Every structure is written in structure tokens, then in C-alpha cells.
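**Q** This is a predicted model, with the sequence first.
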Amino acid sequence: SEMCIRDSDRTVKISKDAEAEQDFIINKLMKRLGNAEKERDMLMKSAQIEEENIQKNLKMKLKEASREKIKLQVQLENEQEYITHKLSKQLRDAISEKNALQNMMEMEHKATEELKAKILEEEKQLKQVLQKKLQQLQSEKLIAETSSQTEYEMIINKMTTTLEKLVSAKK
């Protein structure tokens, strides 16, 4: 019986020791679990802050890119408008210059045609004058033939000189 009591005491002691060790391990694991939860919470909070910072930076970059895009669009529109106005002005100037040259050519053509007509008319008049003069000279020649030979030669010389002057004047 004493042995039974000893065995019983030993069993109780072992049981208490096992229970104490079990409590120690449980406490240790609970402490580790608490530390792990704190670390997890810290990491989650840190990740959340990092995510917020990244989103904030992305929003700022997006706003900046949007402002830059708008600025470039305005600049592009201004350049397109400038080029359009410049090309329109050049086109108007070219058309105006073309019309002026065309008018000038038409006026020169008209003046040339008028000058040709005037020259033809003057040639016609000059031929008529020369015809009359020739007829007059021929009449005078007939009269001169009836007169003396000297008078005849004088008239011929006069006619030749007059004719040469008229021909020279025409040229």
C-alpha cells in the first residue's frame, strides 16, 4: 500500500508536472501567437499605408499627366490653328497674285491687239497716201514728159528723194 501511495503520489506529481509543462507550452504559444498577431497587424497597417501612399502618388501622377495632356492638346490646337491661318493667307495671296497676273496678261494682250490694229490701220493709211502720191507723181511725170528733158530729170530726182524719205519714215 505504501507503494501504491508512492505510485499514486508519483502519478499525481507527473500529472502536475505534465500539466505545468503543458500550461508553460500553452502560455509560450499564446505569447508567440499574440506577437505574431501584433506583427501581422503591424505588417497589414504598414501595407495599408504603403498602398495608400502608392494610390496617392498614382493619383498625383495621373492628375499631372492629365494636366500635361490638356496642355499639349491646347498647344496642338493652337499650332493647327496657326498653320491653318497661315496656309489660308498664303492661298489667298497666291490666288490674288494669280488673278492680278491674269488681269495684267489680259490687259497686255488687249493692248497688243489694239496696237496691231492701229499699226494695220496706219499701214493702210500710209499705203493710201503713198498710192495718191504715186498717182500724183505719175501725173506729174506725164506732164513732165511733155516738157523738156531737164525738167523731166529734175522731177524724177524729186520723186526719188520724196519716195526714199517716205520709205525711211515708214521703217
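**A** It's in. Numbers count the residues shown, from 1 in each chain.
**Q** Do me a favour and average the pLDDT over whichever strand or helix holds K116.
**A** K116 is part of helix 2-146, with elements assigned from DSSP states H and E. For helix 2-146, mean pLDDT rounds to 92.
**Q** Quick check, central residue of the protein?
**A** The C-alpha lying nearest the average C-alpha coordinate of the chain belongs to I83 (Cα atoms, centre = their mean; 4.8 Å).
**Q** and that one, how far is that from Q90?
**A** Using Cβ to Cβ, to the nearest Å, one gets 10 Å for the distance from I83 to Q90. Glycine gets a C-beta too; all of them are placed from N, C-alpha and C.
**Q** same check, this time on L62
**A** Per Cβ to Cβ, L62 is found 41 Å from Q90.
**Q** so how many other residues sit close to L166?
**A** Counted by other Cβ atoms under 10 Å, the residues lying close to L166 total 14.
**Q** Spatially, what comes nearest to it if we skip its sequence neighbours?
**A** What sits nearest to L166 in space, not counting adjacent residues and going by Cβ to Cβ, 6 or more residues apart in numbering, is L130, at 6.3 Å.
**Q** so how many other residues sit close to the one you found?
**A** Neighbour tally, L130, other Cβ under 10 Å: 15.
**Q** Over to I156?
**A** 14.
**Q** What strand or helix carries it?
**A** Following DSSP H and E, the helix or strand that holds I156 is helix 149-170.
**Q** Restricting to C-alpha, output that helix in CSV.
**A** What follows is helix 149-170 as a C-alpha-only set of coordinates in CSV (Å, rounded to 0.1, in the frame of the first residue of the first chain):
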residue,chain,number,x,y,z
GLN,A,149,14.2,116.7,-170.8
THR,A,150,15.8,118.7,-168.0
GLU,A,151,12.6,119.3,-166.2
TYR,A,152,11.8,115.7,-166.5
GLU,A,153,15.1,114.7,-164.8
MET,A,154,14.5,117.2,-162.0
ILE,A,155,11.1,115.8,-161.3
ILE,A,156,12.4,112.2,-161.3
ASN,A,157,15.1,113.2,-158.8
LYS,A,158,12.5,114.9,-156.7
MET,A,159,10.2,111.9,-156.7
THR,A,160,13.0,109.5,-155.8
THR,A,161,14.1,111.7,-152.9
THR,A,162,10.5,112.0,-151.6
LEU,A,163,9.9,108.3,-152.0
GLU,A,164,13.1,107.5,-150.1
LYS,A,165,12.1,109.8,-147.3
LEU,A,166,8.6,108.2,-147.1
VAL,A,167,10.1,104.7,-147.1
SER,A,168,12.7,105.7,-144.4
ALA,A,169,9.9,107.2,-142.3
LYS,A,170,7.9,104.1,-142.6
